[in-house]
Each structure stands twice: as structure tokens, then as C-alpha cells.
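> coordinates only, sequence not included:
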């Protein structure tokens, strides 16, 4: 792999502590791929609003990622950024905002995510319009799709092109749609689009609530994908943050072993988590890798890494190292 300015800097300067853990994890990631392995990435938090697509999209295009599990927020917020980027507002001094300042943002329909405000009309309502067309069309036809499949259909329809405000090469969901990347979005109901979908079901615009397929069905398809893929490839697990985005997919292995009694399914072949959770306070999302051995998710010999740092800083550097930037 060629080394660009960023990866050369990392190789020279990242020698100890969390910096060294990043290098060790990245080199093991590369080795996993070189040995024919596949990689699942899980996205928690607000990584799409942090514009992780700037590096994640290229990871997808270069076949460094083979599947994604993400929150509904990350799924939709990548497209919010695609269609409304110029209308976003950054609030660098967000820690100094008073409750009255926050109320003023609400009055302007600016939804704050840390230091970034997402405009409701230009982002959420634009995407809602395109999705409602797909939801109702599927509902009338009696067909059903998963949340990410509806997003893929919206992108492929070209309905949003007139709104694009960034280069689509910087949208990770656009890259995923081009690859038809396997994806799972557990707890999608918690997202803005999930709330909107509920509203359209309540008003009977959508008659069959199951037009959008469910989380249990997501787990069933994940079990099928993992079983088939692991027959020929070791599957790695790269977790950004915690919560349902990581907890949902990693559980597929013990489910296959303990509930379906499939003894020939291998455990995850690589594990790395970027986390700043404090495990001593009982944060499961910050559980150290060895704990996962006791749940049948990892083996004692599985390469395991944890980088205790801010994912918005570490993930782009990690991806740049893998890409040779």
C-alpha cells in the first residue's frame, strides 16, 4: 500500500497509547482484508452530520467495507447533508447557549446536533417528500422494503438530484447505493424519518404499517448474510461508538450458536471499537472486547482493539491510513 501524507504522518508520530492502538488496529484491519476477510462497519452517534462520508464513501468504493449497520439517524442525516448542506449552520460556541438561545433555534426550525444545526425545511422535509412517494407507491403495490432500501430507491430515482449541495462522492449512502451494500438499520423507528412514517400511517396515507420491513426481519436477513458469507470469508467488526448500531449486529453470532444451534458458524474474526465510554460506570457501549468472549461473540484468539478517543477525530484518520492517503 502506498503511503500519502496523512498515513506517513501517522506511521511516524503515532507510536504510543491510543495513537499506537490506532496503528495496530489499522494494520490488523489491512491484514484481515489481505487474507480475504470481509468487514462490517457499525455507525452510532451522529457520524453523518460529522461528515464522515468524506472518508467513509471512499472506503466503500475501494471495497474496504462490505456491510454497514447504522442508526436511523446516521442513515437519514447523510442525505440531509447531501440535499441541504448550504443551509446548515455551525454553532462553534454551542456550550455557551442558554435555554432561550436553544428556543430561538427551534423557532427557526434549526435542529441542533452538537455544533451543527440541521434545517428542517431544506433537509428533513425535502427527504420526506421523496420518501413519501416511495412509501405510498410500495404500499399501493403491496410490496415491502427495508428502511435503507427505500433510501436506495430514492437515490436511484433521481428525485433528489435537483437539491444536491455537495458532491455525491462525499455521501457514504450514495456510495453504498451504487454498490448495493448490505445494510442493517435497527431501531429505525427512533429516527426523524421513522417518526414521519408513523405519522403517515396514523393519517392512513400508508395503509399497511409493515410496508417498511421490521427490525426482526433485519436480524433474520443478517443471520442469513453472516451464515453464507462466513462460509468463505472471516468477517470483521469495526465499531464506531456504541448503542444499538453495535449491539444489534454483534449479537447475530451467539444467536446463531445458542438459539439456532448452528455449531459450524465462526465468531467474528476481527474486532475494533472506537469509544470514549467509561466502563466503570456500567456503560455497555463501552464494554471492553474481552467481555464479549463471555457472550460468545469473539474468541480468545480474535484480534481485538479498543481506541479510547473521539470517533469524529479518529475514524477519518483510521480510514485515511487504510486508504493510503
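Ah, there it is. Please read all numbers here as calculations on a predicted model, not as lab measurements.
> Please count neighbours and contacts with C-alpha atoms only from this point.
OK.
> all strands for this protein, in order.
Here the chain has its strands, by DSSP state E, at 38-43, 67-70, 89-90, 110-113, 116-119, 183-184, 235-240, 270-275, 304-308.
> Just put these in JSON lines and tack on distance to residue 21.
Listed next are these as JSON lines, based on distance: least, Cα to Cα, whole Å:
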{"stretch": "strand 38-43", "distance to residue 21": "18"}
{"stretch": "strand 67-70", "distance to residue 21": "23"}
{"stretch": "strand 89-90", "distance to residue 21": "32"}
{"stretch": "strand 110-113", "distance to residue 21": "29"}
{"stretch": "strand 116-119", "distance to residue 21": "30"}
{"stretch": "strand 183-184", "distance to residue 21": "28"}
{"stretch": "strand 235-240", "distance to residue 21": "14"}
{"stretch": "strand 270-275", "distance to residue 21": "10"}
{"stretch": "strand 304-308", "distance to residue 21": "6"}
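> Kindly tell me how buried residue 67 is, as a neighbour count.
Using other Cα atoms under 10 Å, residue 67 is surrounded by 21 other residues.
> Neighbours of the nearest residue to residue 45 once chain neighbours are set aside, how many?
Excluding the flanking residues, the one nearest residue 45 by Cα to Cα, 6 or more residues apart in numbering is residue 241, at 6.6 Å. Residues lying near residue 241 (other Cα under 10 Å) number 24.
> Equivalent analysis for the one 3 residues further on, please.
Residue crowding around residue 244 was assessed by other Cα under 10 Å; the count is 19.
> how far away is it from residue 55?
Going from residue 244 to residue 55 by Cα to Cα, to the nearest Å gives 23 Å.
> Over to residue 275?
Residue 275 is 19 Å from residue 55, where distance means Cα to Cα.
> Equivalent analysis for residue 201, please.
Using Cα to Cα, residue 201 is found at 36 Å from residue 55.
> Then residue 13?
Between residue 13 and residue 55 the distance, using Cα to Cα, works out to 21 Å.
> Where do the helices of the stretch 151-300 of the chain begin and end?
Counting by DSSP state H, counting those that start in this stretch, the stretch 151-300 of the chain has helices at residues 172-179, 192-202, 215-229, 244-250, 252-254.
> Skip the chain neighbours and tell me the closest residue to residue 152.
Residue 152 sits nearest to residue 177 (Cα to Cα, 6+ apart), 5.3 Å away.
> show me the contacts for the one you found.
Contacts were defined as Cα atoms under 8 Å, 6 or more residues apart in numbering; by that measure residue 177 touches 152, 155, 156.
> so who does the second one touch?
With contacts taken as Cα under 8 Å, 6+ apart, residue 155 has the following neighbours: 174, 177.
> repeat for the one 3 residues further on
Going by Cα under 8 Å, 6+ apart, residue 158 touches no other residue.
> Repeat that for residue 262.
Residues counted as contacts of residue 262 (Cα under 8 Å, 6+ apart) are residue 256.
> quick one: it and residue 6, what's the gap?
44 Å.
> same question, residue 145
Using Cα to Cα, we find residue 145 at a distance of 40 Å from residue 6.
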